[in-house]
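>>> Fold the following for me, if possible:
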Amino acid sequence: MTTSPGYTKYHPTVEKLDNGMTVAFEQLPHLHTATVGVWIKAGSAGETQKEAGLSHFLEHLFFKGTERRNSRELMHAIESRGGHMNAFTSREYTCLYVKTLSQHLPVAMDVLADVLNHSIFCDLEKERSVILEEIAAGMDVPEEYVHDLLTMQLWPDHALGRPIAGSAESVSAIGLDEIKHYKDAWYQPNNLTFCIAGNFDQTEVLDAVQEQYGGLVNTAPVPAFSAPPLGNGVHLVERGIAQDHVALAFPGPGLDDPRRYQYDMLSSALGGGSTSRLFDRIREEEGLAYSIYAFHSGYQDAGMLGMYAAVAPENLEKVVDLTCEELRKLKNDPLSAEELNSNAEQLKGGLLLALEGSFTRMSRIARSLLHFHRIVPIEEVLDAVDAVTAEEIQTLAQQTFSEEQCAMTVLGPAAGPPARLTL
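Numbering: from 1, shown residues only. Presented below is the predicted three-dimensional model:
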């Protein structure tokens, strides 16, 4: 067992309403707060090209007013009681949530249900303008924009590769009828998960959920996600900025692949912290970059292992060469026992430290149910990380790091591509 004896004292539980809606609880009686969220397995990866950005647009419209409250009254009901309400959209799900003091939980749940069930989707044009500004703002942040470009390059002509917020063209063309049709198709009870973590009475919460959501009905099969095709090669996007922002990606596993923990370890060793190989070599030894890291992103049917750096244009080629050199080292030699243990402890520590808040615990439970249809115990994750071997990481590097599988995007003033990748 990798955890302390007292760590497992709280055990999440799951119920099902008669209409198929999932309800999950994690009681944390030592807290003064609770975080409650409604999760919908609907995001940009399920959109057609014409619908690009619709999930995100719908998320915005939920907060513009309901049959009972205008937008200011919705926020006032939460903020005047010291709480916080927000939402976010990802590629595979949307979440609306409230974090509140436990004594105000009934009001928080009422407002959340009001938003989901009774929104009138007003101020469509005003919110469209806000989203167009959001898209433009994202394109003005090179680090953010290059990740969007890289994802489009790795998964071309597929919804998973498109930006979550859509494009100015697609968002400008979305109408109210399309929004309502999309909500009806995806926001069905068998595609909804209600999740709460914190200090609350479980019987009272379940009764409230039954009253607020038990009347929802399923009308048709929920659309399905599909696996994307893979792209590769080098993509240059010229922009008059001071640095070249370079990002590389290799295909990774879907979330149901047990190798996901090996990819997490490989990503951590490569660029997960200040002692990682890329950071140590390119920033600390060579002084060629301020920001450099690796990342692993997993989705239902696909994943990516990526790297990012921001460098002076004259250093681009050298940074790419050094990155390839570090990738080759991972292919040729296994990690030492010390490096393996250090990265395992980093991953486990990051998970456990994050779980000290009710929002993170609520989110972990909901994502687990959406992707795995069960709550994956924390102990299972920790044990899986501990079980990864240096030989598995080396084999994974050998299978992953090849020129044929690499997609690379460079955003900046570069006059031409860096030298050929040598992996």
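
>>> For Glu169, give me its contacts.
Not one residue lies near Glu169 by CB atoms under 8 Å, 6 or more residues apart in numbering. In this view, the C-beta of every residue, glycine as well, is placed from N, C-alpha and C.

>>> quick one: secondary structure of it?
helix (DSSP: H, G, I helix; E, B strand; the rest coil).

>>> Quick check: it vs Lys41, distance?
27 Å (CB to CB, to the nearest Å).

>>> From Val111, how far off is the most centrally placed residue in the chain?
Compute the mean C-alpha point of the chain, and by CA atoms, centre = their mean the closest residue is Ser90, 5.7 Å away. Distance, Ser90 to Val111, by CB to CB: 23 Å.

>>> just Pro258 next, same as before
Here the criterion is CB to CB. By it, Pro258 lies 40 Å from Val111.

>>> same check, this time on Ile282
According to CB to CB, Ile282 and Val111 sit 48 Å apart.

>>> before we move on, what about Ile120?
Counting by CB to CB, the gap from Ile120 to Val111 is 15 Å.

>>> Which one's more surrounded, the two?
Val111 (25 against 12; other CB atoms under 10 Å).

>>> can I assume the more buried one is in contact with Met75?
No - contact between Val111 and Met75 fails when scored by CB atoms under 8 Å: they sit 9.0 Å apart.

>>> Can you check which residues contact both of those two?
Met85.

>>> Which parts of the stretch 51-200 of the chain are helices?
Ranges of helices within the stretch 51-200 of the chain are 54-61, 71-79, 105-118, 124-139, 142-154, 168-173, 176-186, based on DSSP state H, counting those that start in this stretch.

>>> just checking, what packs against the third one?
This points to helix 105-118. Secondary-structure packing of helix 105-118 (3 or more CB pairs under 8 Å, 6 or more residues apart in numbering; DSSP states H and E): strand 33-40, helix 71-79, strand 84-89, strand 94-101, helix 202-213.

>>> got the contact list for the second one?
Okay, so that is helix 71-79. Applying CB under 8 Å, 6+ apart, the set of residues contacting helix 71-79 from outside is 63-66, 69, 84-85, 98, 100, 107-108, 111, 114-115, 123.

>>> Give me the distance from that helix to the chain's centre.
27 Å (CA atoms, centre = their mean, to the nearest Å).

>>> With the fourth one instead?
For strand 94-101, the gap between its own C-alpha mean and the chain's C-alpha mean amounts to 16 Å (CA atoms, centre = their mean).

>>> next one: the last one
Here helix 202-213 is found 28 Å from its chain centre; the criterion is CA atoms, centre = their mean.

>>> same for it, what does it pack against?
Going by 3+ CB pairs under 8 Å, 6+ apart, helix 202-213 lies up against strand 22-27, helix 105-118, strand 192-198.

>>> Direction included, what does the last one pair against?
Paired neighbours of strand 192-198 in the sheet (DSSP bridges): strand 22-27 (parallel), strand 33-40 (antiparallel).

>>> Go through these and pick out the most buried.
Greatest average neighbour count among the strands paired with strand 192-198 goes to strand 33-40 (a mean of 25), per mean count of other CB atoms under 10 Å.

>>> ok, residues contacting it?
Strand 33-40 is contacted from outside by 93-102, 105, 108-109, 112, 116, 186-187, 191-200, 357-359, 361-363, 366-367, 370, using CB under 8 Å, 6+ apart.

>>> among those residues, which ones are buried?
With neighbours counted using 16 or more other CB atoms under 10 Å, these contain these buried positions: 93-102, 105, 108-109, 112, 116, 186-187, 191-200, 357-359, 361-363, 366-367, 370.

>>> I'd assumed Ala242 was in a helix, is it?
No - read with three-state DSSP, Ala242 is coil and lies in no helix.

>>> In contact with it, which residues?
Listed by CB under 8 Å, 6+ apart, the contact set of Ala242 reads Ala312, Pro413.

>>> Which elements pack onto the helix or strand of the chain with the lowest mean pLDDT?
Using mean pLDDT, DSSP states H and E, the weakest-scoring helix or strand in the chain turns out to be strand 233-238, at a mean of 93. Where contact means 3+ CB pairs under 8 Å, 6+ apart, strand 233-238 is packed against helix 142-154, strand 407-412.

>>> Could you check how many residues crowd around the nearest residue to Asp123 once chain neighbours are set aside?
Counting by CB to CB, 6 or more residues apart in numbering, the nearest residue to Asp123 once its immediate chain neighbours are dropped is Lys64, at 4.7 Å. Neighbour count of Lys64, defined by other CB under 10 Å: 18.

>>> And the pLDDT for Lys64?
Looking at Lys64, its pLDDT is 95.

>>> Repeat that for Met1.
Met1 is assigned 30 on the pLDDT scale.

>>> now swap in Ala415 and tell me
So Ala415 comes in at 63 (pLDDT).

>>> returning to that earlier point: Glu317 is nearest to which of the helices and strands packed on helix 105-118?
Across these, Glu317 has its closest neighbour in strand 84-89 (37.3 Å, CB to CB).

>>> List the neighbouring strands of that closest one plus their orientation.
Strand 84-89 is paired, per DSSP bridges, with strand 94-101 (antiparallel).

>>> Quick one: the helices in the stretch 201-350 of the chain, in order.
202-213, 260-271, 277-278, 316-332, 337-354.

>>> just checking, what packs against the shortest one?
The criterion is 3+ CB pairs under 8 Å, 6+ apart, and the helices and strands that helix 277-278 contacts are helix 260-271, strand 292-298, helix 316-332.

>>> Am I right that Gln27 is in contact with Asn199?
Yes - between Gln27 and Asn199 there is a contact at 7.3 Å, judged by CB under 8 Å.

>>> pLDDT weak spots in the protein?
Within the chain, the stretches with pLDDT under 70 are 1-10, 415-417, 419.

>>> Where does the record place the domain boundaries for it?
12-213, 233-412 (automatic domain parsing).

>>> quick one: buried residues of stretch 116-135?
For stretch 116-135, by 16+ other CB under 10 Å, it's Leu116, Ser119, Phe121, Asp123, Leu124, Glu127, Arg128, Ile131, Leu132, Ile135.

>>> most tightly surrounded among the helices of the stretch 51-200 of the chain?
helix 54-61 (a mean of 23).

>>> Who are the packing partners of that helix?
In terms of contacts (3+ CB pairs under 8 Å, 6+ apart), helix 54-61 is packed against strand 84-89, strand 94-101, helix 124-139, helix 176-186.

>>> again, only using 10 Å
strand 33-40, strand 84-89, strand 94-101, helix 124-139, helix 168-173, helix 176-186 (3 or more CB pairs under 10 Å, 6 or more residues apart in numbering; DSSP states H and E).
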